[in-house]
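**Student:** Give me a model of this one.
(one chain, ligands or ions: 1)
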Amino acid sequence: MKVVIVGAGPSGLVTAKSLLENADANFPFDPIILEQEHDIGGTFRYRTYENASLVSSKQLTSFSDFRLPLSYPDHLTTEAYVYYLRGYVDHFNLNDRIRLNTKVINVTRHSKGGHVVSYVSRDSKDSEWRSEVSTIHAPYIAICTGLHVVPWIPSIPGIEHVVAANKHIQKPVFHSYEYKKRAQLQGKRVMILGTGETGTDIAYEAAKAGATEVVLCSRAGFLSFPKQLDDFEVFGYKSEGPGIPLDSLITNLAESAYVHPWVEGSHVRWFISDFVIKRLIWVLTGTQAGCNQWVGELEPDRLGRAYVFLNKSQKAMPYINRPYRKRPKVFDYIARYIDPPEDSPPQTDFTVDLAPFPTHFLPNGRAVFLPSKRKDYIRMKDRDVRPELVIYATGYKQEFGFLDKESGYPTPDEANIRNVVKEGDESVGFIGFVRPGVGAIPPIAEMQSFFWISLLKGQVRQPIPSPRYHLLVKDTARIKYGVDHSTYMSTLAKDIGAAPGLWELWREYGTHVLVCYCFGAAFTTFYRLVGPYKSASAPEIIKTELWDTILRRGVMGNLIMGVIPMAFYLSINLLAYGLGTAWAMVGGKVE
Ligand SMILES: Cc1cc2nc3c(=O)[nH]c(=O)nc-3n(C[C@H](O)[C@H](O)[C@H](O)COP(=O)(O)OP(=O)(O)OC[C@H]3O[C@@H](n4cnc5c(N)ncnc54)[C@H](O)[C@@H]3O)c2cc1C
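**Tutor:** Numbering: from 1, shown residues only. Down below sits the predicted model:
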């Protein structure tokens, strides 16, 4: 039973491995991965740059049953993560299943059912694509072509003036996927468009590279939060050892497991945790805009976990904050955020200038910024900014030109069952097309692959409850694939019968695993303790590596981030449960 998988990034690899592991007499899955590049690894391999590292932790980002050693740093470089993926391919014998230098150019429906996948190939990355087109007929196809492959470039009037004014530079305007090395930025006046993680990373690299000017343009602001909580000092006390990765903080019980549908639907947990976090970081750092973020704040109606992808690349913040930080020094004796010494005076007093997006460039190459009441606009409005380099860190768009239009193939936007398939078209799976506000795509792809397999086998709970995991975006938003990581993961787990019950867990595995499950984040390994994807290695991974994420919070951390929210949310859930039961008794529907 052939399954063609398009793309050998993390999503494609894990989908192939899940299919192989869950093949049986009724569903003898026989996956094959077609990848246009000359290596596996996808965006982590091809759209990365010098000094790039993951913002999601190794504990959350690694797949459920192939883990990274405890001794490894919490956040890998992209290079190390690709190395990890190679290990995954070897360990699960996927090499024979991958055809590199093979580009899918067309997918149509076969008259007798299934799909006809047409592809071209080449000998190496430097050779031409052959004109000969080959085909595979397969009953199932998994589209794993990623969210970050085709660059999205906004049109800015007058950008050609920047090119004309900088003829001495080989390429004065380019997209961030072409940014590779610090040396590209050295000695230049650099403008970066976009304040996502890549944009702020490049701003930092420019500051370190000795760029003469760095202007970082933000369209609507951003929400900055460090990927690891280890740079705070409270009453002179700074904890030793690596801090806790941000994505390992949110506890399971009553946050993602055992949540009443009404509580989940109201998103009350997101708003309450936002409320608490804002006040906490105000005490710790003096600002509520983000963690130690003094400029570039989002509008109040979008400022919070429920609305945006957090920017977890904190490195550029000391440079961005410099002209704006205005907290009286005396408060620093209570608590403060400590910038790394190498990025603080006297080592450097360089500034990364935050600015609004340019509306256009004048014929002399000068940027004109969108007027507003923002403090960065007020500071920058009269500045003569004439960049020598403009880098679009504006993200990516998704194109599915290879899916034949006449055959009525859906796109991921139309995949209305858990963002994985379109109802009625279950033989086409979209894996890796959601992005978490805080979290990681690879483990999500692993859960999606389980969900897709269960769906094909007819083993998903029915009816499927309506989704409650999407980030809250406006109808007009360009990006609508944002989800809350833990809510999405636990929803899929419930759908496929992999979410463990507390009693069941305790009976089978004892107290240690039970406590880990309640206090840990929504790690995929938890969903391999019971149900159709049960794995013998899960309990040991949980008792060692995942237990470590809980131990590292310390007593106070577990109290503040575990016991108190759990007790609070449990009571809200109990209340909802009571009301729901009463409602059901009078004939109401609870969903
Ligand atoms: C510097 C950097 C840091 C990042 N940090 C994180 C992080 O910390 N956590 C995180 O979760 N994510 C991070 N990301 C994003 C990360 O790249 C994605 O999570 C990940 O790539 C998703 O994997 P994927 O397999 O879905 O897609 P991709 O990795 O993009 O793979 C898609 C593959 O499909 C192939 N393909 C596309 N079209 C075709 C075709 N027609 N025929 C054949 N093959 C095709 C592409 O060549 C590509 O190899 C980071 C990215 C970068 C660049």
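**Student:** Helices of the stretch 301-450 of the chain, residue ranges please.
**Tutor:** Listed in chain order, the helices of the stretch 301-450 of the chain (DSSP state H, counting those that start in this stretch) span 317-321, 375-380, 441-456.
**Student:** which one of those lies closest to the ligand?
**Tutor:** helix 441-456 (3.4 Å; CB to the nearest ligand atom). For every residue, glycine as well, the C-beta is placed using N, CA and C.
**Student:** next one: the closest one to chain centre, how far?
**Tutor:** Using CA atoms, centre = their mean, to the nearest Å, the distance from the centre of helix 441-456 to the centre of the chain it belongs to is 16 Å.
**Student:** touching the ligand at all, that helix?
**Tutor:** Yes. Helix 441-456 is in contact with the ligand by CB under 6 Å from any ligand atom, via I441, P442, A445.
**Student:** Let's see that helix as PDB, backbone CA atoms only.
**Tutor:** Coordinates of the C-alpha atoms in helix 441-456 are reproduced here as PDB (Å, rounded to 0.1, in the frame of the first residue of the first chain):
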ATOM      1  CA  ILE A 441       6.600  21.800  14.800                       C
ATOM      2  CA  PRO A 442       8.400  18.400  14.700                       C
ATOM      3  CA  PRO A 443       6.600  16.800  17.700                       C
ATOM      4  CA  ILE A 444       3.300  18.200  16.400                       C
ATOM      5  CA  ALA A 445       4.000  16.500  13.100                       C
ATOM      6  CA  GLU A 446       4.600  13.200  14.900                       C
ATOM      7  CA  MET A 447       1.200  13.500  16.600                       C
ATOM      8  CA  GLN A 448      -0.400  14.500  13.300                       C
ATOM      9  CA  SER A 449       1.100  11.400  11.600                       C
ATOM     10  CA  PHE A 450      -0.500   9.300  14.400                       C
ATOM     11  CA  PHE A 451      -3.800  11.100  13.900                       C
ATOM     12  CA  TRP A 452      -3.700  10.500  10.100                       C
ATOM     13  CA  ILE A 453      -3.000   6.800  10.500                       C
ATOM     14  CA  SER A 454      -5.800   6.400  13.100                       C
ATOM     15  CA  LEU A 455      -8.100   8.200  10.700                       C
ATOM     16  CA  LEU A 456      -7.200   6.000   7.800                       C
END
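**Student:** circling back to that earlier point, please identify which of the residues of helix 441-456 next to the ligand is nearest to P387.
**Tutor:** For those, the minimum distance to P387 (CB to CB) is 31.8 Å, reached by I441.
**Student:** Let's see the pLDDT reported for that closest one.
**Tutor:** In the prediction, the pLDDT value recorded for I441 is 98.
**Student:** residues touching it, list them.
**Tutor:** With contact taken as CB atoms under 8 Å, 6 or more residues apart in numbering, I441 is in contact with P10, S11, L147, G432, V434, R435.
**Student:** and what of P539?
**Tutor:** By CB under 8 Å, 6+ apart, the contact list for P539 reads Y509, V513, L529.
**Student:** Mind putting the residues you listed into JSON lines with neighbour count, secondary structure and distance to the ligand?
**Tutor:** Below are these laid out as JSON lines (neighbours: other CB atoms under 10 Å; DSSP: H, G, I helix; E, B strand; the rest coil; distance: CB to the nearest ligand atom, whole Å):
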{"residue": "Y509", "neighbour count": "19", "secondary structure": "helix", "distance to the ligand": "28"}
{"residue": "V513", "neighbour count": "23", "secondary structure": "helix", "distance to the ligand": "26"}
{"residue": "L529", "neighbour count": "21", "secondary structure": "coil", "distance to the ligand": "23"}
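**Student:** interface residues of this protein facing the ligand?
**Tutor:** 6-12, 34-37, 42-44, 47-48, 52, 54-56, 61, 78, 103-104, 144-146, 148-149, 402, 432, 440-442, 445.
**Student:** If we ignore the residues flanking it in sequence, what's nearest the closest residue to the ligand within the stretch 351-500 of the chain?
**Tutor:** Using CB to the nearest ligand atom, the point where the stretch 351-500 of the chain gets nearest to the ligand is G432, with a distance of 2.8 Å. Distances taken as CB to CB, 6 or more residues apart in numbering put S11 closest to G432, at 3.2 Å, once the chain neighbours are dropped.
**Student:** burial count for the one you found?
**Tutor:** When neighbours are defined as other CB atoms under 10 Å, S11 has 28 of them.
**Student:** any chance you could read off phi and psi for D123?
**Tutor:** For D123, the backbone dihedrals (degrees, to the nearest 10) come out as phi -80, psi -40.
**Student:** Skip the chain neighbours and tell me the closest residue to it.
**Tutor:** Here the nearest residue to D123 in space, its sequence neighbours aside, is N101; by CB to CB, 6+ apart that works out to 6.9 Å.
**Student:** The one you found and D126 touch, don't they?
**Tutor:** No. With contact defined as CB atoms under 8 Å, N101 does not count as touching D126 (10.3 Å).
**Student:** More neighbours: those two, which one.
**Tutor:** For N101 versus D126, the count of surrounding residues by other CB under 10 Å is larger for N101: 19 against 7.
**Student:** list the contacts for the more buried one?
**Tutor:** E35, Q36, E37, H38, S121, R122, D123, S124, K125.
**Student:** does the residue nearest to G432 really touch A445, like I thought?
**Tutor:** Yes. Taking contacts as CB under 8 Å, S11 lies within contact range of A445: 3.8 Å.
**Student:** So for the two, which residues contact both of them?
**Tutor:** If you check S11 and A445 against CB under 8 Å, 6+ apart, the residues they both contact are C144, I431, G432.
**Student:** residue ranges with poor pLDDT in the chain?
**Tutor:** Along the chain, no part satisfies pLDDT under 70.
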